[in-house]
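Participant: what would the 3D arrangement of this be:
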Amino acid sequence: MAEVHTGLGEVKSLTNGVDDLKRVLTNVKTRGIWGEMQLGNLLSDMLPASRYATNVEIVPRSGQRVEFALRLPGNDEEEVLLPIDAKFPQEDYQRLQDAREAGDSDAQAQAIKQLERRIKSEADAISSKYICPPHSTDFAIMYLPSEGLFSEVVGVPGLADELQRKYRVSVAGPSTFAALINSLQLGFRTLAVQKRTDEVWTLLALVRQDMVGLASSLEKTAKKLEEAQNNIQAAHKHINKINKRLDSMENMDEIEG
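Facilitator: You can find the predicted model right below:
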């Protein structure tokens, strides 16, 4: 009986914890903070702080600040920001789950339509507030902090494609967001290699110019050397002639003697 009583106490504590979590998730403001914190933890685990910005105003003097933005290298050493906004439409998602558990197909279809409208509305807001090339990339990311919610959204036929095509917004859940970050990390390394490659090609172009100048100098030097060699040969001929004349004079002296 004592063990049963202890077990009931643990169950009661667990129930209280679940109720606390439910109260957190039913509060819109607290739920938004929870999704933002989860997104921030993922970014800090995967990227150095220099690779992303928090609470950043992408569009100058707009007053609109996105929760997070990845720092991407742009042209001419300028920075381009990739907006990432966390959204958690808990009420629409819970309404769909309740309809599915109750086996109410009509309520389920209605809940899916409501969830679809809500996601489109959030994507429209992200697009209008944060997508502004050249200050940002031409697309943004909507982060859904629940794998179940993400699965429901991508399961709606044509919704993900429409979000990308019409609003330039891609949706990501906790697992797919990690894969996206890893892809971007690879992109960072590729861009770094590309940048170094450009530097190498620039250096090679300068070396090629120097080689042209060196070849011209060597050609002129070769001509000078050839002229000097011809002069030396001519001098040798003159020396030979002088030596012959001197020899002739010595022979004349011997004959006279």
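
Participant: how about low-confidence regions in the chain?
Facilitator: For the chain, the stretches flagged by pLDDT under 70 are 1-32, 34, 74-77, 184-185, 187-215, 218, 249-257.

Participant: that one: strands as residue ranges?
Facilitator: All strands of the chain, identified by DSSP state E, fall at 52-57, 65-73, 79-86, 140-143, 169-172.

Participant: ranking the ones you listed by burial, who's on top?
Facilitator: Of all these, strand 140-143 carries the top mean neighbour count, a mean of 24, counting by mean count of other Cβ atoms under 10 Å. To be clear about C-beta, it is placed using only N, CA and C from the backbone, and glycine gets the same treatment.

Participant: hmm, who's touching that strand?
Facilitator: 35, 39, 66, 82-87, 119, 122-123, 126-127, 130-131, 163, 168-173, 177, 180 (Cβ atoms under 8 Å, 6 or more residues apart in numbering).

Participant: again, but for stretch 83-103
Facilitator: So stretch 83-103 is contacted by 25-26, 31-32, 34-36, 38-39, 58, 66-70, 107-108, 110-112, 114-115, 118-119, 122, 126, 130-131, 136-137, 140-146, 148-149, 152 (Cβ under 8 Å, 6+ apart).

Participant: again, but for stretch 162-169
Facilitator: By Cβ under 8 Å, 6+ apart, the residues outside stretch 162-169 that reach it are 119-120, 123-124, 126-127, 131, 138-142, 170-171.

Participant: hmm, try it at 6 Å
Facilitator: Contacts with stretch 162-169, where a contact means Cβ atoms under 6 Å, 6 or more residues apart in numbering, come from Ala123, Asp124, Ile126, Ser127, Ile131, Phe139, Ala140, Met142, Ser170.

Participant: could you export these as JSON lines, including distance to Ser217?
Facilitator: Output for the contacts of stretch 162-169, formatted as JSON lines (distance: Cβ to Cβ, whole Å):
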{"residue": "Ala123", "distance to Ser217": "65"}
{"residue": "Asp124", "distance to Ser217": "66"}
{"residue": "Ile126", "distance to Ser217": "62"}
{"residue": "Ser127", "distance to Ser217": "61"}
{"residue": "Ile131", "distance to Ser217": "56"}
{"residue": "Phe139", "distance to Ser217": "54"}
{"residue": "Ala140", "distance to Ser217": "57"}
{"residue": "Met142", "distance to Ser217": "63"}
{"residue": "Ser170", "distance to Ser217": "58"}
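
Participant: of those residues, closest to Lys220?
Facilitator: Taking Cβ to Cβ as the measure, Lys220 lies nearest Phe139 of the contacts of stretch 162-169, at 58.2 Å.

Participant: OK, contacts around the closest one?
Facilitator: Counting by Cβ under 6 Å, 6+ apart, Phe139 makes contact with Arg168.

Participant: if I look at it, how far off is Phe177?
Facilitator: From Phe139 over to Phe177 the distance is 14 Å, taken as Cβ to Cβ, to the nearest Å.

Participant: can you pull up the bridge partners for Arg65?
Facilitator: Bridge pairing for Arg65 (DSSP bridges) gives the partners Glu57.

Participant: my guess is it meets Val59, correct?
Facilitator: No. Assessed by Cβ atoms under 6 Å, Arg65 is found out of contact with Val59, at 9.8 Å.

Participant: residues of stretch 116-126 that come out buried?
Facilitator: Neighbour counts over stretch 116-126 (16 or more other Cβ atoms under 10 Å) mark Glu116, Arg118, Ile119, Lys120, Glu122, Ala123, Ala125, Ile126 as buried.
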